[in-house]
Structure formats: structure tokens, C-alpha cells
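Trainee: Provided below are the primary sequence and the corresponding predicted coordinates.
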Amino acid sequence: MSGLVIFGTRPEAIKLAPVVNTLRRRLGPCRLQVVTSGQHSEILEQTLGALNLSVDHNLNIMQPNQSPSQVLERAVAGLNKTFEQASVDWVMVQGDTATAFAGALFGYFLKVPVIHLEAGLRTHDLQEPWPEEGLRQNIARLATLHLAPYPRALQNLLDEGIDSANIEVVGNPGLDAQDAAFQAVAASKETARLLAEKFFLVSLHRRENSGPRLRETCYRIQELARLHPDHKVIWPVHPSPRIRRTAIEIFGDQIGQVELCLPFDYPDFLSAQKAAELIISDSGGVQEEAPTYGTGVAVVREKTERTEVVEFGLAKVVGGDARNLIEVADEFLSHPISPNQVRDWRRLQGNGHAAEAASEAILAHLASPYASSARLA
């Protein structure tokens with residue numbers, strides 16, 4: 001049986017890599033083809049080596065200033081062209097990107113099982129985050145196996161009418177990748193230099209947080225820096241032109257209290273998360289990663305689909321314009337995350353064993369009558 005795993009961004013690769021590598025050991029390397037759309041090629045390429053993830057095909061779909069619909073169109077076309085003559089028995093995607101939705105559509109059109117890793121996360125607001133919430137909900141309509149990270153994601157899927165027999169709670173394989181990469185690779189000398197002082201870390205990339213929202217967030221970061229002159233602000237700026245333009249316009253590219261730099265590779269970014277006093281981020285993955293090091297997250301969004309991290313007291317939503325950043329920063333600085341909170345958060349994510357749980361669920365699903373009926377439909 002030949003499976004196809006499709007991704008396009010670094011967060012997708014991070015969470016898929018432990019599952020892919022486990023399945024390759026179980027099935028044999030020839031039974032699984034790994035495809036990247038190239039949706040975030042600049043950041044992704046530096047990460048694959050750290051993840052020990054080999055790619056069989058690169059669709060190279062990216063062009064400047066593409067819309068999500070253009071990414072979707074080009075990804076589906078690329079998959080059709082690349083695998084026109086191939087035998088594909090099942091497809092796996094991760095998360096909520098245009099590439100993930102393209103992969104799910106491709107599997108649906110082939111009438112083969114579609115496996116969705118990180119299924120069931122919801123804000124229940126199609127505009128927050130946009131377009132990711134809508135993409136994730138639509139992938140759920142096409143998937144035959146839903147690998148939910150947390151019990152609430154399971155409940156969300158049940159509330160939407162998904163059969164419980166097709167849902168498994170497996171934890172977060174991103175923690176498996178995080179542990180392996182952090183233990184294997186030390187921070188580079190340049191990154192170690194940046195991290196030598198007390199600092200706040202910034203990680204912003206969301207489409208809905210560009211424009212006026214991003215400018216307001218930058219002004220709040222300026223105010224935070226002014227109130228904490230003993231802390232630097234380190235911002236590895238996302239390559240998106242809309243992010244870079246605003247960051248450079250407001251902060252410049254001169255070394256000072258706010259230091260803009262190129263994106264870190266994956267191990268260096270983990271080191272930065274561990275060393276930071278606080279992370280200011282709109283990233284879903286950072287909300288899960290940083291608290292495992294005891295680092296709090298000021299979530300620059302109106303809503304988060306990872307509600308558990310807020311309930312555990314590990315992250316706080318400050319608004320899409322970071323309007324509550326100063327208060328939240330003061331809360332985390334005066335009441336740091338405890339070792340017990342870290343322990344409980346790791347346990348919820350599977351304690352580094354989520355990839356094995358996901359692989360077992362996938363193999364059981366592919367051997368089930370339900371998967372057979374999907375292939376024959």
C-alpha cells in the first residue's frame with residue numbers, strides 16, 4: 001500500500017516528521033512518498049535536515065504575493081501532474097494550510113482514505129484565524145481518520161457529527177520533534193550571542209495580523225521595551241514582505257534594544273524559546289512549544305484554537321493588535337510558569353510519544369473495513 005504525505009510549511013513538517021519517520025520504519029521507505037508544495041520554501045529548507053525528514057517530490061508552487069486560492073489551485077494541479085500515473089492508496093495532511101486542504105482534496109478526488117493530523121482544533125470563527133479556520137473545518141469534511149491532539153479537539157469533531165470510530169486522540173507529535181531536535185543540536189554561536197542577555201522574543205506571521213494590526217502591535221512592543229530597559233527584544237522577522245516592511249519601517253534594522261534578525265533555523269528557534277523571558281507570537285506551534293520550557297506566550301490574536309494552553313495558564317490572548325500586551329507581560333514576569341504546569345502540559349501533548357500513537361492509529365485505520373470502503377467508493 002502506497003501512502004502520500006503532503007505539506008508546505010515548517011509547522012506542518014515539524015509535526016509530520018516524527019510520524020513519517022515512524023511509518024517509514026514500520027512500512028518500509030518505499031511505501032511512503034513525501035511531497036512538499038514549497039509553500040514556505042525559504043524557512044522550510046533549513047528545517048528538514050534538523051527533522052531528519054527526506055522529501056521525494058517538491059512541487060515548487062510558490063510565486064510572489066500569491067493568495068491562498070492561488071496556492072490551493074497550484075498545489076492541486078501540481079499533485080495531479082506529479083502523480084497522474086502513480087498508485088496512491090491513502091493521503092495524510094497536517095493542520096490548516098492551503099497545502100493541507102489541497103492534499104485532502106486530492107485524496108478525496110482519488111477516493112482514497114484521507115488522514116488529518118492535528119484535527120479538531122477550532123476557534124469557531126471563520127475570520128480568526130483567516131483562512132486557516134475555514135481550511136481546517138473543510139479538511140474535516142473530507143478526512144476519514146481524524147488524529148486529534150487533545151480531548152477538546154475530539155469533542156469539537158463529535159459536535160460536528162464526526163463518527164467517534166474515526167477519531168483518535170494521539171497528542172502532539174510536534175513535542176516529539178521538539179525534544180529530538182533540541183537534544184541533538186546546540187544553538188549556533190551567532191544565536192547564542194543574541195540570547196546572552198535578558199530578552200523578549202517576537203514571532204509574527206499571520207495574514208490577518210498585517211497592516212494596521214501589525215503596526216499597533218509594533219507600537220505595543222516599543223512600549224514594552226521602554227518599560228523594561230534591562231530586556232532586549234529579539235525579532236527573527238518572517239520573510240513575508242508585508243511583515244518585513246512594517247518591522248523595518250518602525251524599528252529599522254540597526255542593532256539596539258529591539259533587534260531585527262533573519263529567521264532562526266528550527267533548533268536555534270527552540271533555544272530562543274527556552275531562553276526568552278516571554279514570547280510575543282501569533283503562531284499556533286509556539287503556543288505549544290514555548291510552555292514546555294516554562295516560557296509564557298502573549299498570543300497576538302483575537303482567539304486561539306488551542307484553548308487548553310490558556311486554561312493551563314501558559315499563554316494569554318492579548319488581541320490581534322496586542323492591546324493587552326503590557327499587562328500580560330507583567331503577569332508572566334511576576335508569576336512565572338511552574339514546573340508542575342510544564343509537567344502537566346507535556347503530559348497532555350503525549351510526553352514525546354505522540355508519533356507512535358498516531359502511527360498505530362493510522363495502521364489500524366488502513367486495515368479497517370471503513371478505509372477499504374473509502375478506496376472502493
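Mentor: That came through fine.

Trainee: Can I get the lengthiest helix in the chain as CSV, trimmed to CA atoms?
Mentor: Identified as the longest helix of the chain according to DSSP state H is helix 10-27. In CSV, the C-alpha atoms belonging to helix 10-27 read as follows (Å, rounded to 0.1, in the frame of the first residue of the first chain):
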residue,chain,number,x,y,z
ARG,A,10,7.7,24.5,8.6
PRO,A,11,5.0,23.8,11.2
GLU,A,12,3.5,21.1,9.1
ALA,A,13,6.9,19.5,8.6
ILE,A,14,7.7,19.6,12.3
LYS,A,15,4.6,17.7,13.3
LEU,A,16,4.6,15.3,10.4
ALA,A,17,8.3,14.3,10.6
PRO,A,18,8.1,12.1,13.7
VAL,A,19,5.0,10.3,12.3
VAL,A,20,6.5,9.9,8.8
ASN,A,21,9.8,8.5,10.2
THR,A,22,7.9,6.1,12.4
LEU,A,23,5.7,4.9,9.5
ARG,A,24,8.8,4.5,7.3
ARG,A,25,10.3,2.2,9.8
ARG,A,26,7.1,0.2,10.1
LEU,A,27,6.1,0.1,6.4
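
Trainee: Report the buried residues of that helix.
Mentor: 10-24, 27 (16 or more other C-beta atoms under 10 Å). To be clear about C-beta, it is placed using only N, CA and C from the backbone, and glycine gets the same treatment.

Trainee: same deal with stretch 310-326?
Mentor: Across stretch 310-326, burial judged by 16+ other C-beta under 10 Å covers 312-322, 324-326.

Trainee: before we move on, what about stretch 193-208?
Mentor: 194-195, 199-208.

Trainee: Just flag the most distant two among those residues.
Mentor: Largest separation among the buried residues of stretch 193-208 by C-beta to C-beta: 195 and 208, giving 29.6 Å.

Trainee: Does residue 177 touch residue 14 like I think?
Mentor: Yes. Using C-beta atoms under 8 Å, residue 177 makes contact with residue 14 at a distance of 4.9 Å.

Trainee: Which neighbours do the two have in common?
Mentor: Between them, residue 177 and residue 14 share these contacting residues under C-beta atoms under 8 Å, 6 or more residues apart in numbering: residue 51.

Trainee: Grab the nearest non-local neighbour of the most centrally placed residue in the chain.
Mentor: Geometric centre of the chain, nearest residue: residue 11, 3.4 Å, by C-alpha atoms, centre = their mean. Excluding the flanking residues, the one nearest residue 11 by C-beta to C-beta, 6 or more residues apart in numbering is residue 285, at 4.6 Å.

Trainee: Can you tell me the SS state at that neighbour?
Mentor: helix (DSSP: H, G, I helix; E, B strand; the rest coil).

Trainee: Number of residues surrounding it?
Mentor: 22 (other C-beta atoms under 10 Å).

Trainee: Let me see the contact set for it.
Mentor: Counted by C-beta under 8 Å, 6+ apart, residue 285 has contacts 11, 14-15, 174.

Trainee: So which of the residues you listed is the closest to residue 263?
Mentor: Checking these against residue 263 with C-beta to C-beta, the nearest one is residue 11 at 12.9 Å.

Trainee: if I read this right, that closest one contacts residue 95, doesn't it?
Mentor: Yes. At 6.5 Å, residue 11 counts as touching residue 95 under the criterion of C-beta under 8 Å.

Trainee: Spell out which residues are contacts of both of those two.
Mentor: With C-beta under 8 Å, 6+ apart as the test, residue 11 and residue 95 both reach residue 284.

Trainee: Is it correct that residue 91 falls within a helix?
Mentor: No. Counting by three-state DSSP, residue 91 is not part of a helix but strand.

Trainee: Could I get the contacting residues of it?
Mentor: Counting by C-beta under 8 Å, 6+ apart, residue 91 has contacts 3-6, 103-104, 106-107, 110, 112-115.
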